[in-house]
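Novice: could you work out the structure for the sequence below:
(chains A and B)
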Amino acid sequence: MSLIIDHIDLSFDTVQALRQVDFEVQDGELFGLIGPDGAGKSTLFRIMASLLVPDGGRCLMHGHDVVNEYREVRKIIGYMPGRFSLYMDLSVEENLAFYARVFGTTVEENYDLIRDVYEQIAPFKKRLAGKLSGGMKQKLALSCALIHRPEILILDEPTTGVDAVSRREFWDMLKKIQKEGITIVVSTPYMDEAEMCDRVALIQKGRLLEITDPSVPSRSDGTALFSLRSHKGVYAYLEKVRNLEACKHAWLFGDQLHVTLQSERDADHVKSIIDGWGDPTLEWERIIPSIEDRFMGLIEQESGEQGINGEIV
Amino acid sequence: MEAREHIIEVKDMVKKFGSFTANDHLSFHVERGEIFGFLGANGAGKTTAMRILCGLSYPTSGEIRVVGHDVYRERERIKRKIGYMSQKFSLYEDLTVSENIHLYAGIYGLGRKQIAVREEQLLERLGLAHVRNRLIREIPLGWKQKLAFSVAIFHQPAIVFLDEPTGGVDPITRRQFWEMIHDATDEGITVFVTTHYMDEAEYCDRVSIMVDGRIDALDTPAALKQQYESVNMNEVFLKLARS
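Specialist: Residues are numbered from 1 along each chain as shown, chains lettered A, B, ... in the order given. Just a heads-up that it's a prediction; the model follows:
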C-alpha cells in the first residue's frame, strides 16, 4: 500500500479541519481528492508531506510514519503545494538545479522523467520564475517536484485557475508519470477532472463523504436522474420544474436541467406534464449520473434543501 | 427579432505593450440584458480587454463605447455605470458584511437612506441578516461570493463584469450563484463574464473565445457546438484553443 490515512483528526483552535479521515491508496494509483475550498484538502496534503502533525490518527507513506519518520517520508515524496513553491527570483533552470541538489541528485540523473514537461518550458530556461505565465509556472513546479524521482507524488490543486486547454495537457502529463510507476494523489475543485482518476475521494467540511470509482457512477441515494433539454434554453423551465410536486431537486447543468424525483414511479407522470407545456423541442430522458451529479447528491443529503455554504468560522 | 441596443460596442480594438500585441483588432458588441461569456486560454488577452472596457486602461487604438460612453474621454462616466467582481479581489476581509455594503454603496454615490433600505432588502434576500456584523473573513466562501456579486450590482449598474467569479466553491453553491446571475439579467443588468468552467459557458446567451489576442469565435453556445461539431463547450474550446 502506497499510502495509508488512518482515522486522522486535526483541529485549528475551534475549527475541526479534518474529522476521522480514513482511506488507502494503492501502489501506482492515480487518486483524486475532490472538494471545495475549505474542505480540508490542503490540510491533508500538508500532513502527508510531514509539514503538519495530526491531533489523532496516523499517516503512512510507503510504510513510513509522517511524524516519526519524516526524514524518510521527505525523500520518497514529491510535493507540489497549491501556491507553487518556486523561487521567483531564480531562473527556470536555477529552480530545477536547486531542487535537484536539495534532494541529493542532479538534473541529468532523472531527466528522462521530466523531459516531456520540462521541454515545454526549456526555451525560457533563463527567465525568472516570477516572470512566467501561470501555465508555465505549473509545469516548472511539476518538474521540480519530480526531479528526485519520488515514489509518491502529491499535488495540491495543480490546475486551479488554469484554462481548459492547459488543464487537459496537465492531466495527460500526469497519466504519463503514472505509467512510470509513480503513485499520484491530486486534489482539484474541477469535477470533470475526477473522471481522469482511478478513484476519487469526495471531501466536504473535513469529512470524507465517500470514495468512488468514477467509471461506475450512480446517484449514491439510488434515485434516478433525468435531464431536460430545450432548443429555447432551459433556464426558463427551472422554476417550473422545481414547482412540480414530484420534483426533489433541479439544477442547471450545462445546456440541460438535471432533475431528481421524489420517486422513480413519477417519471411517466412528469413526462406527460412536460409534454403539456407546448414546447415541442423539450426532451426529457433518464441519464447516467456523472461524478458531479453524485457529489451534488451527497451534498443534498448532507444539508437538506439548502445548498451548503459552509459554516461560520 | 428586434435589434437590441448594443451596450458595449468595440471596433478594431488594439492594445500593445511594447512590441507585444495583447489585443489584436477585436471587434464585437454586447447586447443589453444578455449574459456574454468572454472565454480564452490564460494569456489570450481577456484581462487586458476587460480592463479597457472597465475604463482602467487606454487602448492603443480602436473605437470603443461602453454604455454609450467613449473609453478615451469618458472613463469616469463609464465607471459609474458598471459593476465589477472577481474571485481574487472583491470584499474587504477585515470589514464586516454591513461595512462592505456601505463602503461600496458610498463609493458609487448612493445616499444614506437609499443604502439603508437596500441593505435590508439585500441581507433579507441572501439570508445574511444574522451575520451583518461579522467580518468577511469569518464567513464561508460561498456566502462571500454571493455577497460580492450583490455588492457589485448594489448601485444597479447597466453592466456587471465578472472575472472568474465562481472558483473554489462546491457544485451546488456554484449553480446557486448562476441563478443569481440570471436573476440580475431579469432586472435588466447586462452580464459580462469570464470563466474556466466550460459548463458555465453553456449558461451564457453568447460566447466569444479569444486565442492569441484575437476573437476566433463568437456565437450562441448551440451554434458554436454545431459549427465545431462538438457535444459540449469544453470540446469547442479545446478545438479552438489547441489549433
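
Novice: which SS class is the nearest residue in space to residue B:151 that is not next to it in sequence?
Specialist: Distances taken as CB to CB, 6 or more residues apart in numbering or on different chains put residue B:104 closest to residue B:151, at 4.8 Å, once the chain neighbours are dropped. Heads up, the C-betas are built off the backbone N, CA and C, glycines and all. Assigned by DSSP: H, G, I helix; E, B strand; the rest coil, the conformation of residue B:104 is helix.

Novice: count of residues packed around residue B:104?
Specialist: 21 (other CB atoms under 10 Å in any protein chain shown).

Novice: report the contact partners of it.
Specialist: B:151, B:152, B:154, B:155 (CB atoms under 8 Å, 6 or more residues apart in numbering or on different chains).

Novice: then residue A:27?
Specialist: Residue A:27 neighbours (CB under 8 Å, 6+ apart): A:1, A:2, A:183.

Novice: give me the subset of those residues that lies in strands.
Specialist: residue A:183 (DSSP state E).

Novice: select only the buried ones of the contacts of residue A:27 in ChimeraX?
Specialist: Selection of buried members from those for ChimeraX, criterion 16 or more other CB atoms under 10 Å in any protein chain shown:
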select /A:2,183
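
Novice: which of the contacts of residue B:104 has the most neighbours?
Specialist: For these, neighbours tallied by other CB under 10 Å; top is residue B:152, 24 neighbours.

Novice: which pLDDT value belongs to that residue?
Specialist: At residue B:152, the pLDDT value in this model is 95.

Novice: ok, now residue A:136?
Specialist: Per the predicted model, pLDDT is 86 at residue A:136.

Novice: what about it, neighbour count?
Specialist: Neighbour tally, residue A:136, other CB under 10 Å: 20.

Novice: so the host helix or strand of it, near chain B or not?
Specialist: Using DSSP states H and E, residue A:136 maps to helix A:134-146. Yes: counting by CB under 8 Å from any CB of the partner chain, chain B is contacted by helix A:134-146 at A:134, A:135.

Novice: now whichever residue of chain B sits closest to chain A. Its backbone dihedrals?
Specialist: Proximity to chain A, evaluated over chain B using CB to the nearest CB, is greatest for residue B:140 at 3.0 Å. Per-residue torsions, residue B:140: phi -60, psi 150 (degrees, to the nearest 10).

Novice: so how many other residues sit close to it?
Specialist: 21.

Novice: was I right about it contacting residue A:38?
Specialist: Yes: counting by CB atoms under 8 Å, residue A:38 is a contact partner of residue B:140 at 6.9 Å.

Novice: spell out which parts of the stretch 151-300 of chain A neighbour chain B.
Specialist: A:160-168, A:189-192, A:204, A:231, A:235, A:238, A:251-255, A:292, A:295-296, A:299-300.

Novice: tell me who's in contact with residue 227.
Specialist: You didn't say which chain, so I picked chain A. A:253, A:256, A:257, A:258, A:259, A:283, A:284, A:285, A:287.

Novice: hm, I was asking about chain B
Specialist: Here residue B:227 is in contact with B:217, B:219 (criterion: CB under 8 Å, 6+ apart).

Novice: residue B:207: what secondary structure?
Specialist: strand.

Novice: nearest residue to it in space, please, no chain neighbours.
Specialist: Closest to residue B:207 by CB to CB, 6+ apart is residue B:37, at 3.9 Å.

Novice: and stretch A:60-79, C-alpha only, in CSV?
Specialist: Presented in CSV, the C-alpha positions along stretch A:60-79 are these (Å, rounded to 0.1, in the frame of the first residue of the first chain):
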residue,chain,number,x,y,z
LEU,A,60,2.0,6.3,6.4
MET,A,61,3.7,7.0,3.2
HIS,A,62,5.1,3.7,1.8
GLY,A,63,5.1,2.4,5.4
HIS,A,64,6.9,5.4,6.8
ASP,A,65,5.1,7.4,9.5
VAL,A,66,4.9,11.1,8.6
VAL,A,67,5.6,12.1,12.2
ASN,A,68,8.3,9.7,13.5
GLU,A,69,10.0,9.0,10.2
TYR,A,70,9.6,12.4,8.4
ARG,A,71,13.1,12.3,7.1
GLU,A,72,12.3,9.1,5.2
VAL,A,73,9.0,10.4,4.0
ARG,A,74,10.5,13.6,2.6
LYS,A,75,12.9,11.5,0.5
ILE,A,76,10.3,9.5,-1.2
ILE,A,77,7.6,12.1,-1.9
GLY,A,78,7.3,14.9,-4.3
TYR,A,79,5.0,17.7,-3.1
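
Novice: now do the buried residues in it.
Specialist: Neighbour-count burial for stretch A:60-79 flags A:60-62, A:64, A:66, A:70, A:72-74, A:76-79 (criterion: 16+ other CB under 10 Å).

Novice: the residue nearest to residue A:163 when sequence neighbours are not counted: neighbouring residues, count only.
Specialist: Spatial nearest neighbour of residue A:163, excluding adjacent residues (CB to CB, 6+ apart): residue B:41 at 4.2 Å. Residue B:41: 23 surrounding residues under other CB under 10 Å.

Novice: what does residue A:104 give?
Specialist: Counted with other CB under 10 Å, the neighbours of residue A:104 add up to 9.
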